[in-house]
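Asks: sharing a model prediction with you, sequence too.
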Amino acid sequence: MSPKPSIYIIRPKDTPGQDLLIGPVPAIWPPPDVPVKVGDQITDRWHLKTAEGNTFNVYAGRGHPNDYKWIVKDNALYVSAVHKPDDFRFESAGHNLYT
């Protein structure tokens, strides 16, 4: 079972008060790809959009082409305002927790 396409706040299971965030992003255009991090700052809301083969694209924004989309770069999770999003699969870890 996968999460439903919707808007989520993504939090580490064992780290209360911490959320998945973007940043910092330099004030240049186009913005460079930046790592996703865990922190206690302003929480980003993540949109899960159905992609191909029971996978999702994840992005922060309002559905615009330059929204920050999840990509894998150098074996780490980044967001990009210019690259095509990577597809992700979510698997239940039990009790409505996903890995």
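Replies: All right, it came through fine. Numbering: from 1, shown residues only.
Asks: quickly find the element holding residue 69.
Replies: strand 68-73 (DSSP states H and E).
Asks: what is the helix or strand just after that strand packed up against?
Replies: Counting by DSSP H and E, the next helix or strand C-terminal to strand 68-73 is strand 76-80. In terms of contacts (3 or more CB pairs under 8 Å, 6 or more residues apart in numbering; DSSP states H and E), strand 76-80 is packed against strand 34-39, strand 68-73. All C-beta atoms are positioned from the backbone trio N, CA, C, and that covers glycine.
Asks: what segments of this protein are strands?
Replies: With DSSP state E, the ranges of strands along the chain come out as 7-8, 19-22, 34-39, 46-50, 56-60, 68-73, 76-80, 92-94, 97-98.
Asks: quick one: contacts of the strand holding residue 69?
Replies: With CB atoms under 8 Å, 6 or more residues apart in numbering as the test, strand 68-73 has contacts from 22, 33, 36, 57-61, 77-81, 83-86, 88.
Asks: try it again at 6 Å.
Replies: Strand 68-73 is contacted from outside by 22, 33, 58, 59, 60, 78, 79, 80, 81, 83, 85, 86, using CB atoms under 6 Å, 6 or more residues apart in numbering.
Asks: which of these tops the neighbour count?
Replies: When neighbours are counted by other CB atoms under 10 Å, residue 79 leads the contacts of strand 68-73 with 27 neighbours.
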